[in-house]
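Peer 1: Sequence first, predicted model second:
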Amino acid sequence: MTDVQVQSPTQRVDDGDPQSTHDASDRIIRSLAATLGVGASIYGVAVLPQILHESHYYRSWWTPFAMVAIFGSGLALAAISFRTSLVVVRRFAGAVAVGFLLVGALAPVALTATVDGAQSTWQFRVAAVGAIAASLAFRPLQAAGYVVAAAATATFANYYALGETGIVALGQDFGRCFATAGLFTWVVVCAVRGAAILDRATADAEHEAAKVAAANATELERERFAGLIHDAVLSTLLDASRFRNSGTLARQAATTLRQLDELRPADIAAEFLDATTTIERIHAVATQIIADISVAGERSPDAGEFRMPASAAAAVESALAEAVRNSLRHSAVEGRAVRRNISVTVSATALHVELVDDGAGFDPADVPVDRLGVKGSIIGRMNRTAGGGAELDSRPGHGTRVTLTWSAQA
């Protein structure tokens, strides 16, 4: 399993990668960006009558510029939020935030007369647009500084356009604008931070799961090696001391030597198995654990063309061995014997192995996260094998079905 690293919640997401491993942060930032763009556009349509009315008090260039900088850029942000890399989304959000400040800064310059019949100008009411954009683009402290700057800019532009007098009115306007924009900023920062915490917790859990799975896989190989020494090597040597020059002993010795050779990765990588050998090896693995287990092999008419890398076959054998051991350990039903059957199907390009028992069964969702026999040694092992796959179907009282597959075309 790949080790995923997630930064602290106060850090920005590594947005240089459009397929970021910070899944929750990625989704929440993109969703908020889309919501901001659509919401700003809807609000722009709602205040359009006021915008057109106040446009008479500014130079002709300012109102179109302001609408494009605030509403047009917001709509563009929504359009790209799920279509490009996260770094572009955040930079565009930063451009929206800077555009709002620029609109407010140029408003007094473009003003030609005091605005009549309004308690506040329209750009004063949309300060939250810039604040939300800044929350998506900047770090929390930078976003907080932006809220102060945006509230001050909007308040001054509003104060200047309405021709108000008195420090009290100026303070009230600033407080109202700062509170509104600050509230939206706080909500967005908390949402992004919460997503980052979730990403970190998920990555930590995956990292620990990978460590446990690696330990289990090591232990499984240790058990496999110990079993080979006990069941094959020592048994062959013991038989050699009792029954010299027998055909059975010669076949047993040859099988043991082949099993020892398979422990060498270079040999495994270079070797390919045919259908007959694959079925025989699967039968041997299963019967080494449960001597009387039923193993049925079926070959399709084109199975003569089957060629399977020994490394992939070893993965199937190890996963099946773990599945059989799990069945032996956990499927017991009081008062009756549990039946277990293995079916092996081979075609020209694929292998299908199925272990079925009618035992106690279990709910996979109830398996503790630190128990990785199924997840790591069966499903994980097969998923890490080129062309491999695994499925588990089990319910309490209805037995368990483990399916292992391999395809040369995958």
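Peer 2: Yep, that arrived. Numbering: from 1, shown residues only.
Peer 1: hey, let's count contacts and neighbours off CA atoms from now on
Peer 2: Will do.
Peer 1: and stretch 159-171, how far apart are its ends?
Peer 2: 10 Å (Cα to Cα, to the nearest Å).
Peer 1: right, I mislabeled it, should have said stretch 117-133
Peer 2: Start-to-end span of stretch 117-133 (Cα to Cα) is 30 Å.
Peer 1: buried residues in it?
Peer 2: 120-133 (16 or more other Cα atoms under 10 Å).
Peer 1: Out of these, which comes closest to Thr278?
Peer 2: The closest of these to Thr278 turns out to be Ala133 (Cα to Cα; 59.9 Å).
Peer 1: which residues touch that closest one?
Peer 2: 33, 36, 93-94, 96-97 (Cα atoms under 8 Å, 6 or more residues apart in numbering).
Peer 1: can you redo the buried residues of stretch 117-133 as TSV with distance to Thr405?
Peer 2: Listed next are the buried residues of stretch 117-133 as TSV, based on distance: Cα to Cα, whole Å:
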residue	distance to Thr405
Ser120	68
Thr121	67
Trp122	64
Gln123	62
Phe124	63
Arg125	61
Val126	58
Ala127	58
Ala128	55
Val129	53
Gly130	54
Ala131	53
Ile132	49
Ala133	49
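Peer 1: which one of those is nearest Pro49?
Peer 2: Checking the buried residues of stretch 117-133 against Pro49 by Cα to Cα gives Trp122 as the nearest, at 10.0 Å.
Peer 1: who touches that closest one in this structure?
Peer 2: Per Cα under 8 Å, 6+ apart, neighbours of Trp122: 47, 50-51.
Peer 1: same thing with Ala149?
Peer 2: Ala149 is in contact with Leu101, counting by Cα under 8 Å, 6+ apart.
Peer 1: The stretch 251-400 of the chain: strands as residue ranges?
Peer 2: For the stretch 251-400 of the chain, the strands defined by DSSP state E, counting those that start in this stretch occupy 272-273, 294-299, 308-309, 340-346, 350-357, 388-394, 400-407.
Peer 1: Out of these, which gets nearest to Ser85?
Peer 2: Among these, strand 388-394 sits nearest to Ser85 (Cα to Cα), with 31.1 Å.
Peer 1: Quick one: mean pLDDT over that closest one.
Peer 2: On average, the pLDDT along strand 388-394 is 90.
Peer 1: From the contact counts, what lies against it?
Peer 2: In terms of contacts (3 or more Cα pairs under 8 Å, 6 or more residues apart in numbering; DSSP states H and E), strand 388-394 is packed against helix 381-384, strand 400-407.
Peer 1: Can you list the helices and strands that the helix or strand Glu208 falls within packs against?
Peer 2: Here Glu208 sits within helix 167-228, counting by DSSP states H and E. Under the contact criterion of 3+ Cα pairs under 8 Å, 6+ apart, helix 167-228 touches helix 23-46, helix 127-137, helix 140-162.
Peer 1: do you know how far Tyr160 is from Val148?
Peer 2: Noted for Tyr160: a distance of 18 Å to Val148, by Cα to Cα.
Peer 1: correction: Gly130
Peer 2: Plainly put, Gly130 is 11 Å away from Val148 if you go by Cα to Cα.
Peer 1: now swap in Ala286 and tell me
Peer 2: Taken as Cα to Cα, the span from Ala286 to Val148 is 71 Å.
Peer 1: Pick out whichever of these two has more residues nearby.
Peer 2: Shown here are Ala286 and Val148; by other Cα atoms under 10 Å, Ala286 has more neighbours (24 against 17).
Peer 1: just to revisit the earlier point, tell me the angle the helix holding Glu208 makes with helix 127-137.
Peer 2: For helix 167-228 against helix 127-137, the angle by axes from the mean of the first three to the mean of the last three Cα atoms, to 10 degrees is 30 degrees.
Peer 1: Helix 167-228 to helix 23-46, inter-axis angle?
Peer 2: Using the same axes, to 10 degrees: helix 167-228 against helix 23-46 is 150 degrees.
Peer 1: quick one: average pLDDT of helix 167-228?
Peer 2: Here the average pLDDT along helix 167-228 is 83.
Peer 1: Compute the inter-axis angle for that helix and helix 140-162.
Peer 2: Interaxial angle, helix 167-228 versus helix 140-162 (the same axes, to 10 degrees): 160 degrees.
Peer 1: thought Glu305 was touching Ala348?
Peer 2: Yes. Using Cα atoms under 8 Å, Glu305 is in contact with Ala348, at 5.0 Å.
Peer 1: With neighbour numbers in mind, choose between these two.
Peer 2: Neighbours per residue, other Cα under 10 Å: of Glu305 and Ala348, the larger number sits with Ala348, 19 against 12.
Peer 1: what residues are up against the more buried one?
Peer 2: So Ala348 contacts 300, 302-307 (Cα under 8 Å, 6+ apart).
Peer 1: For Ala33, the count of nearby residues, please.
Peer 2: Here the count is done by other Cα under 10 Å, and Ala33 has 29 residues near it.
Peer 1: I'd say it and Phe92 touch.
Peer 2: No. Counting by Cα under 8 Å, Ala33 does not reach Phe92; the two are 9.5 Å apart.
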